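Colleague: Test case, fold it:
(one chain, ligands or ions: 4)
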Amino acid sequence: MAQSIPLVSRSPHLNFPSLSPALKRCLYGNPRRVPTSSSCPSGAVFSIRASTSDSDSSAHHVIVSDNGTGYARATLTVSDAASTASIEVDAVTEVELKENGFRSTRRTKLVCTIGPATCGSEQLEALAVGGMNVARINMCHGTHEWHKRVIDRVRKLNEEKGYAVAIMMDTEGSEIHMGDLGGAPSAKAEDGEVWTFSVRAFNSTLPERTIHVNYDGFAEDVKVGDELLVDGGMVRFEVIEKIGPDVKCLCTDPGLLLPRANLTFWRNGSLVRERNAMLPTISSKDWLDIDFGIAEKVDFIAISFVKSAEVINHLKSYIAARSPDGGISLIAKIESIDSLKNLEEIVQASDGAMVARGDLGAQIPLEQVPSAQQKIVRVCRQLNKPVIVASQLLESMIEYPTPTRAEVADVSEAVRQRADALMLSGESAMGQYPEKALTVLRSVSLRIEKWWREEKRHEAMILPPVGYSFADNIKEEICVSAAKMANNLGVDALFVYTKSGHMASLLSRCRPDCPIFAFTTTPSVRRRLNLQWGLIPFRLSFSDDMESNLNKTFSLLKARGMIKSGDLVIAVSDMLQSIQVMNVP
Ligand SMILES: Nc1ncnc2c1ncn2[C@@H]1O[C@H](COP(=O)(O)OP(=O)(O)O)[C@@H](O)[C@H]1O
Ligand SMILES: C=C(OP(=O)(O)O)C(=O)O
Ligand SMILES: [K+]
Ligand SMILES: [Mg+2]
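Modeller: Numbers count the residues shown, from 1 in each chain. Ligands and ions are numbered 1, 2, ... in the order given. Predicted structure coming up:
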């Protein structure tokens, strides 16, 4: 494929105005221009190291000619062969690596929910600069058009600015929730007020103190005396009367009602699950949203209110039939009593899990949420699946520029547990201080991680074997040993060459002291590895010959100032059952 690109011959630099920004970025690192015309006479052919971030083809040759016009022309040849000469890494990580060295890179990954406060290109870029690894879109809110605009903006950012921000689509699920409040951003419920919760469809404006409920069986299922919890207890009501489709409720704990807030009802101190438990995990709207996610090639789909492994398996085969390249990972949200009961089988079937503390805290007593979190994080690590700790990490920052001490302690605890990722919800979607909230997550993560390394607080790593096939057991053993060696020798980095990403996960699971450079061939695997603890994913074409892979990687990384001679590295790969220890030449 050859492209003709005009350039300005009389400028001291060759200027490529119509070159795509992604290619421009890659020309010799980051210049807008190719070096001087004197070193680039008419007819000259020279190589540029460049590649487009989302394809395997790379620009290789620029041929300059002047055609006697006085204005030279350059022809850019895009060739697949050239991709073997390039390496792609997240622009923020590259700066971090150069400025602070390996050891101080952040290991805990960060997920930001995108909403009205952060959906613009500039705001998304600010989040990417601030360390967002995954952008989450919540299908409870907004239209497909709205979500598509966000996805396109993130993709553009990745392509033009060299990020690898992954996209996670989160389904609505069949939860019971309130309606839209007739367009109002919120409504205040005061102590002693009587509100009507109704399953009636309201076409025009809602009557005063009336809330629409999305679940048709609601008025039948509740009983007088039941307690109705909005958002897991942010506001509480007591059911005092049932009149056909309307349920009259007395406000007992005042608070702010937000559009589409989740509803649960409790009887004699336990959650009423009756028909609620019969709701399908994936609603008809969810299926439409999932089709949207597949069409948009999102990297992750998070499934709300998962009850069993069966639904995950079902969805996996649905996605596999429609997206055969396997580019979508499924994240099971653990946010119900059933999901806790079937935790192991759900996590085993999924590609990762989320501790969705918002709804979980509405389904089990709040004081049980921390132990549930610890258990979920532990199970995920045992089964080698990434885990995200979500909801209310920095809730007060929706309104205030600094977090509470308790919030900082909560974030620290999730980091200490070695969760793969922390998530912002309302803080980044509709809060006043999205970037500040992200900065808090980043700095608290870095601080806690540094503290372990300084104190050398290696907690005993009891990792029961999880491999099912012989081959898998070998990989697991190699990674456990490589990580242990890395800690004992104090190496600068672990290198892993992996096509599917599996070997990189196995290393991440060991939570070693040093960062893990994960080299993978496809942009999609690279983006998905961005969710996992301690992995710095690079896109690189490599062969089965480890010797040449290593030499190539060393020279590419050295050229970009990301490693230096003498650095101690341990390398493992999908292709070879060995652990190599060496100093960068
Ligand atoms: N796409 C969106 N459009 C409008 N508002 C959104 C969007 N995504 C999130 N929000 C707002 O951010 C809040 C927090 O997000 P999240 O925790 O993901 O949702 P929920 O509160 O429904 O569980 C939501 O309650 C909603 O007010
Ligand atoms: C992350 C959660 O899910 P959602 O925000 O979709 O309710 C949660 O319940 O904590
Ligand atoms: K959701
Ligand atoms: Mg939820």
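Colleague: May I have the distance across stretch 207-222, first residue to last?
Modeller: 22 Å (C-alpha to C-alpha, to the nearest Å).
Colleague: which outside residues touch that stretch?
Modeller: Here stretch 207-222 makes contact (C-beta atoms under 8 Å, 6 or more residues apart in numbering) with 176-181, 193-202, 206, 228, 239, 242, 244-247, 257, 263, 265, 272, 274-276, 279. Heads up, the C-betas are built off the backbone N, CA and C, glycines and all.
Colleague: do stretch 399-406 as well
Modeller: The list of residues contacting stretch 399-406 from outside it, by C-beta under 8 Å, 6+ apart, reads 394, 396, 397, 411, 431, 432, 433, 436, 437, 440.
Colleague: can you put those residues in a markdown table and add secondary structure and neighbour count?
Modeller: As requested, the contacts of stretch 399-406 are exported to a markdown table (DSSP: H, G, I helix; E, B strand; the rest coil; neighbours: other C-beta atoms under 10 Å):
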| residue | secondary structure | neighbour count |
| --- | --- | --- |
| 394 | coil | 28 |
| 396 | helix | 16 |
| 397 | helix | 25 |
| 411 | helix | 23 |
| 431 | coil | 23 |
| 432 | coil | 13 |
| 433 | coil | 20 |
| 436 | helix | 17 |
| 437 | helix | 27 |
| 440 | helix | 22 |
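Colleague: Could you find which two of those are furthest from each other?
Modeller: Greatest spacing in the contacts of stretch 399-406, by C-beta to C-beta: 411 and 432 (18.7 Å).
Colleague: quick one, strands of the stretch 351-500 of the chain?
Modeller: 352-356, 387-390, 421-424, 493-497 (DSSP state E, counting those that start in this stretch).
Colleague: So which residues on the stretch 51-200 of the chain come close to ligand 2?
Modeller: Contacts of the stretch 51-200 of the chain with ligand 2, taken as C-beta under 6 Å from any ligand atom, map to 138, 140, 170.
Colleague: Correction: the previous question concerned the chain.
Modeller: Applying C-beta under 6 Å from any ligand atom, we find that the chain lies next to ligand 2 at 138, 140, 170, 304, 335, 356, 357, 358, 359, 390, 391, 425.
Colleague: just the residues you listed that are near ligand 1?
Modeller: Contacts with ligand 1 within the residues of the chain next to ligand 2, counted by C-beta under 6 Å from any ligand atom: 138, 140, 358, 425.
Colleague: Out of the residues you listed, the closest to residue 479 would be?
Modeller: Using C-beta to C-beta, residue 425 is the member of these that sits closest to residue 479, with 32.7 Å.
Colleague: Quick check, pLDDT for the closest one.
Modeller: We have a pLDDT of 98 for residue 425.
Colleague: surely it meets residue 358?
Modeller: Yes: using C-beta atoms under 8 Å, residue 425 is in contact with residue 358, at 7.1 Å.
Colleague: residue contacts, the residue in the stretch 251-400 of the chain positioned nearest to ligand 2?
Modeller: Residue of the stretch 251-400 of the chain nearest ligand 2, by C-beta to the nearest ligand atom: residue 358 (2.9 Å). The neighbourhood of residue 358, defined by C-beta under 8 Å, 6+ apart, consists of 231, 232, 262, 335, 390, 391, 392, 425.
Colleague: ok, now residue 391?
Modeller: Neighbour list for residue 391: 356, 357, 358, 361, 423, 425 [criterion: C-beta under 8 Å, 6+ apart].
Colleague: now residue 113: how far from residue 288?
Modeller: According to C-beta to C-beta, to the nearest Å, residue 113 stands 20 Å off from residue 288.
Colleague: Same drill for the two, tell me which one is more crowded.
Modeller: Neighbour totals were compared for residue 113 and residue 288, and residue 113 leads with 26 against 12 (other C-beta atoms under 10 Å).
Colleague: Quick check: that one vs ligand 4, distance?
Modeller: 11 Å (C-beta to the ion, to the nearest Å).
Colleague: Help me confirm that that residue comes into contact with residue 424.
Modeller: Yes: using C-beta under 8 Å, residue 113 is in contact with residue 424, at 6.0 Å.
Colleague: Using JSON lines, lay out the strands of the stretch 351-500 of the chain together with distance to residue 327 and mean neighbour count.
Modeller: Converted to JSON lines, the strands of the stretch 351-500 of the chain look like this (distance: least, C-beta to C-beta, whole Å; neighbours: other C-beta atoms under 10 Å):
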{"stretch": "strand 352-356", "distance to residue 327": "15", "mean neighbour count": "27"}
{"stretch": "strand 387-390", "distance to residue 327": "19", "mean neighbour count": "28"}
{"stretch": "strand 421-424", "distance to residue 327": "19", "mean neighbour count": "26"}
{"stretch": "strand 493-497", "distance to residue 327": "20", "mean neighbour count": "27"}
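Colleague: Many thanks, we can stop here.
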